[in-house]
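# Here is my input, please return the structure:
(chains A, B and C)
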Amino acid sequence: MIDYLVAISLIVGIYAIFSIGLNLEWGFTGLINFGHVGFLAIGAYTTVLMNLSGWPLWISMITGVVLAGFFGLLIGIPTLRLREDYLAIVTIGFSEIVRLFLLNEEWLTRGPMGLFGYERPFESIVPFDYNYFLFILIFGSLLVIYLLVEKLVHSPWGRVLKSIREDEDVPAALGKDVFRYKLQALMIGSAIAGLAGAFLAFNIQYINPRNFIPMETFYAWIIVVLGGSARNKGTIIGAILVQSFYSGSRYLQDFIPLASHQMAALRVIIIGLLLVLLMMYKPQGLLGKKEELTLGQ
Amino acid sequence: MGQDILKVQDVKKHFGGVMAVDGASFTIEEQTIRGLIGANGAGKTTLFNLITGYYKLDSGEIFFKDERVDQLPTFKKARKGMVRTFQLTKALSRMTVLDNMLLGPKMQSGERIRNIFIRPKKVAAEEAKAVEKAVEILDFFDLTHMKDDYAGALSGGQKRLLEMARALMTDPKMLLLDEPFAGVNPTLARKLVGRIKELKERGMTFLIIEHDMPLITEVSDTLSFMNQGKIILEGAPEDVKRDPRVLDAYLGGG
Amino acid sequence: MLQLIVNGIVVGSIIALAAIGLTMVYGVLNFANFSHADFLALGAYIAFVLNTVLGINILLSFFIAIAISGALGVLLDFLIWKPMRKKNADLVSLIIISIGLALIVRNGIIFIWGGSTRNFDLPVQKGIEMLGVTVTHNQFIGIGTAILFMVLVHYFLKRTKMGKAMRAISDDINLARVSGIDVDKVIMWMWFLGIGLAGAAGVLYGLETTIRPNMGWFLILPMFAAVILGGIGNPYGAMVGGMVIGLSQELSMLILPSEYKMGVSLAIMILVLLVKPEGLFKGTKA
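Alright, predicted model coming up:
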């Protein structure tokens, strides 16, 4: 039972890190990033590919994170000056292109067959169940990231981000280079997603393009919205809730007369419904403050 | 005869088929208060938007302190000291009044990520000073008691004041105010007029759009009257407001 | 290469048809409806059920599917979009809601019909060969129907009262309201038309290829690209945009592997957004 819980917590931890990255972009800065999973993929695949080519794991991981952040920069430069809805459209395109690339460039990524056989941190040294070590690693990282992001967000820098989210004309009129802040937020959020990608690779030990479909981005979205955008604590709780829902429904599946593909579809339907209902009636999520996040002005 | 702080030359802007600003020109001297009046639709706010870079010019030139600025983005102009408020108030509702104010000061070290981690003491010190300054300015506008409330909770007039207070936090050389007195109670309006004149004495220049004739006449050194996208008349407030063209615009069709 | 052009015209006309509804909603209600593509798929599935399960002939199924799709569009306006308008919801909320809706529709389809591909109950017809190019029977029908519908839409917008009201709202919603147009009613009809056309495009797409739950998702990017290229809010722009995108995607196969077709739409879209964000033709707002 404990083993089961630990295994589930690993997924929670990874999604929490992934979603905190998104929260920085969307919750605090107001950027509609629908391509977040693309950076997850870049982090995962870079880490794995480099390691399989012989690079030490830590270097591979760091490169993965940095590369993810770098792609955030690349995507941001042409798109962050655009209207927010254009950003949404383009970022979905970006993550799909990444996935298609991973799927088709078999010479590099082995396409749909995926990659496995890569190292995991300290795997040979850990004397106990490796999952417990991963637990410490992932939640330790989550704590560090949480603290770092919280510090950033409650600083003057974070204040500018929030003002951009509210109405970017104001910080511009006061002399702030809005584009630069947006870019920084996107880069950091993407790098965080890259880190989550590396952890994902370590956890499941076998990655292939199907791990990086757009649905993953929207899981992050429901987690962020559920927990109350711009509340990192809420994001973590959101991750716990969504995963509980997921695992809980898996458990119930034995009692419900539905085929497994139907259960999977039903799960997503419920998530979609939740998204719609939340945005319509409780956009501040579970933990958000009502004044801070109500519709319109 | 002071230096010219703002020079607008033959500025044009069209929307669709309409010339919103049709060759507007004027010059403002340093340390003066200029009122910009005209009927609704005359192009005043559009002119503001052009000067501050919110809209792009079709043609014409704008100089700020003898430097050509019309091609610069808004934030760069703001950094040079040209700051504006908006006609439709943009008080950031979902941030506190104090946070709104703290957004103001330029070049805060805490706004660079690097400094947050390697110079925390400096960031904290600047923040404390900014809070002091913010409270002082809020005091004048009678907003101190609301400093920790969300700006969305303020009344319309209070939001206007907040916008101006926030702009003052940037230490501007020139403030462009778009209808700063709208919705502000007469006592506070009087006080505002006094404060604006005081700031002028301390070196600030003002360009103010306002519809309330008595107020704008009282606060301005010179009035510019705008009609159909052009500056048609300029002069001492008492003279301008009696000009038949101005009377026509305000009392006639307009 | 000629074959690619033919294929391009087929895909292009389908994208064009679907993009009309998308651009109108975008122009009038000011948000990017990410669920639009899934109503394309839904339309195909509805026709599929009518055709194979109820045994109705394909033509009738086609029209019924359009009607049902349109009705769904109206229902959703009533349940979701109109209440959000009343609340003055911001752009972002609407986009996220549309994502939620997309997830519901797509997975609803999987829930009911499963993930495998389906096909309409049609006799297999031989294609026509000319100039070294094969045009299948279904492709002909696809192009012909799409073009027919586009002409009908044109007639509707230019000649009928409702169509003109729609254009008025597209241009300036406040002015239209002030001139006495019942804006809510016109918006309702706009949804009917928009989603109905999406459904129609879906059936045609299903005819041309196969029916599967993801079929809409393949086209969402090209559709947005068409809308942006043509100028948001401009139905004619969307039609032209759709054709251009369809042709570009197919012709790109001359130099790119076919899997990257979607990348072509994305590239065109980014190019347009960087160079001329208002699109080629006059849209509503930039």
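# Residue A:43 is in contact with residue A:193, correct?
Yes - counting by C-beta atoms under 8 Å, residue A:43 is a contact partner of residue A:193 at 6.4 Å. No exception for glycine: its C-beta is placed from N, CA and C like everyone else's.
# The two - which one has more neighbours?
The neighbour comparison of residue A:193 against residue A:43 (other C-beta atoms under 10 Å in any protein chain shown) goes to residue A:193, with 35 against 32.
# Which strand or helix spans that one?
Under the criterion of DSSP states H and E, residue A:193 resides in helix A:178-204.
# After that helix, which helix or strand is next?
Using DSSP H and E, the next helix or strand after helix A:178-204 towards the C-terminus is strand A:206-207.
# Quick check, the residue in the stretch 151-254 of chain B closest to chain A?
Evaluated by C-beta to the nearest C-beta, the stretch 151-254 of chain B has residue B:170 as its residue closest to chain A, separated by 5.6 Å.
# tell me the contacts of that residue?
Contacts were defined as C-beta atoms under 8 Å, 6 or more residues apart in numbering or on different chains; by that measure residue B:170 touches A:174-175, B:78, B:83, B:104-106.
# can you pick the most crowded of those residues?
Using other C-beta under 10 Å as the contact criterion, the top neighbour count among the contacts of residue B:170 goes to residue B:83, which has 28 neighbours.
# List the contacts of the helix or strand harbouring that residue.
Using DSSP H and E, the secondary-structure element containing residue B:83 is strand B:82-84. With contacts defined as C-beta under 8 Å, 6+ apart, strand B:82-84 is touched by A:173-175, B:6, B:48, B:51-52, B:54, B:64, B:69, B:167, B:170, B:172-178.
# following that strand, which helix or strand shows up next?
Next in sequence after strand B:82-84, counting helices and strands by DSSP H and E, comes helix B:97-102.
# quick one: contacts of that next one?
The contact list for helix B:97-102 (C-beta under 8 Å, 6+ apart) reads A:156, A:159, A:162, B:91-92, B:127, B:130-131, B:134, B:137-138, B:143, B:146-151, B:154, B:162, B:165-166, B:169.
# at 6 Å what do you get?
The set of residues external to helix B:97-102 that reach it, using C-beta atoms under 6 Å, 6 or more residues apart in numbering or on different chains, is A:159, B:92, B:130, B:134, B:146-147, B:149, B:151, B:162, B:166, B:169.
# and the helix or strand that contains residue A:98, what other elements does it pack with?
Remark: residue A:98 resides in helix A:84-104, with elements defined by DSSP H and E. For helix A:84-104, the contact count by 3 or more C-beta pairs under 6 Å, 6 or more residues apart in numbering or on different chains; DSSP states H and E identifies helix A:36-52, helix A:57-79, helix C:261-275 as packing neighbours.
# Among these, which comes closest to chain B?
Chain B lies closest to helix A:57-79 among the helices and strands packed on helix A:84-104, at 12.6 Å (C-beta to the nearest C-beta).
# gap between that closest one and the chain center?
In this view, helix A:57-79 has its centroid 14 Å away from the chain centroid, taken as C-alpha atoms, centre = their mean, to the nearest Å.
# By mean pLDDT, flag the weakest helix or strand of chain B.
helix B:244-251 (a mean of 79; mean pLDDT, DSSP states H and E).
# List the buried residues in that helix.
Within helix B:244-251, the residues that qualify as buried are B:246, B:249-250, counting by 16 or more other C-beta atoms under 10 Å in any protein chain shown.
# And stretch B:187-205, by the same measure?
Neighbour-count burial for stretch B:187-205, counted by 16+ other C-beta under 10 Å, picks out B:188-189, B:192-193, B:195-196, B:199-200, B:204-205.
# ok, which residues in chain C are in contact with chain A?
C:32, C:87-90, C:93, C:95-97, C:100, C:103-104, C:107, C:110-111, C:115, C:221, C:224, C:259, C:263, C:266, C:273-274 (C-beta under 6 Å from any C-beta of the partner chain).
# Could you look up the SS state of residue B:62?
Residue B:62 carries the three-state label strand when classified by DSSP: H, G, I helix; E, B strand; the rest coil.
# Do a quick rundown of the helices in the stretch 1-150 of chain B.
Counting by DSSP state H, counting those that start in this stretch, one finds helices in the stretch 1-150 of chain B at the ranges B:44-52, B:74-80, B:97-102, B:113-118, B:120-140.
# And chain C, by the same measure?
C:2-29, C:36-48, C:58-76, C:82-86, C:91-113, C:137-159, C:161-171, C:173-178, C:183-208, C:215-230, C:235-251, C:261-275 (DSSP state H).
# looking at those, which is closest to chain B?
Distances from chain B to each of the helices of chain C were compared using C-beta to the nearest C-beta; the minimum, 10.2 Å, belongs to helix C:161-171.
# before we move on, back to that, make a markdown table from the helices and strands packed on helix A:84-104 and add mean pLDDT and distance to residue B:215 to it.
A markdown table is the format used below for these (pLDDT from 0 to 100; distance: least, C-beta to C-beta, whole Å):
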| stretch | mean pLDDT | distance to residue B:215 |
| --- | --- | --- |
| helix A:36-52 | 95 | 51 |
| helix A:57-79 | 94 | 45 |
| helix C:261-275 | 87 | 45 |
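# okay, those in JSON lines with distance to chain B next?
Below are the helices and strands packed on helix A:84-104 laid out as JSON lines (distance: least, C-beta to the nearest C-beta, whole Å):
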{"stretch": "helix A:36-52", "distance to chain B": "19"}
{"stretch": "helix A:57-79", "distance to chain B": "13"}
{"stretch": "helix C:261-275", "distance to chain B": "16"}
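# Pick the most deeply packed of those helices.
helix A:36-52 (a mean of 28; mean count of other C-beta atoms under 10 Å in any protein chain shown).
# Please write out the alpha-carbon positions of that helix in CSV.
These are the backbone C-alpha positions of helix A:36-52, laid out as CSV (Å, rounded to 0.1, in the frame of the first residue of the first chain):
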residue,chain,number,x,y,z
HIS,A,36,3.6,23.7,-22.2
VAL,A,37,4.0,19.9,-22.9
GLY,A,38,6.5,20.8,-25.7
PHE,A,39,9.0,21.9,-23.1
LEU,A,40,8.3,18.8,-21.0
ALA,A,41,9.3,16.8,-24.0
ILE,A,42,12.4,18.8,-24.7
GLY,A,43,13.6,18.3,-21.1
ALA,A,44,12.9,14.6,-21.2
TYR,A,45,14.3,13.8,-24.6
THR,A,46,17.4,15.9,-24.2
THR,A,47,18.2,14.3,-20.9
VAL,A,48,17.7,10.8,-22.2
LEU,A,49,19.3,11.3,-25.6
MET,A,50,22.4,12.9,-24.1
ASN,A,51,22.7,10.2,-21.4
LEU,A,52,22.3,7.4,-24.0
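# Including mean pLDDT, could the helices of the stretch 1-150 of chain B go into CSV?
Rendered in CSV, the data for these read as follows (pLDDT from 0 to 100):
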stretch, mean pLDDT
helix B:44-52, 90
helix B:74-80, 92
helix B:97-102, 93
helix B:113-118, 89
helix B:120-140, 92
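# Indicate which one of those is closest to residue A:209.
With C-beta to C-beta as the measure, helix B:113-118 is the member of the helices of the stretch 1-150 of chain B nearest residue A:209 (33.3 Å).
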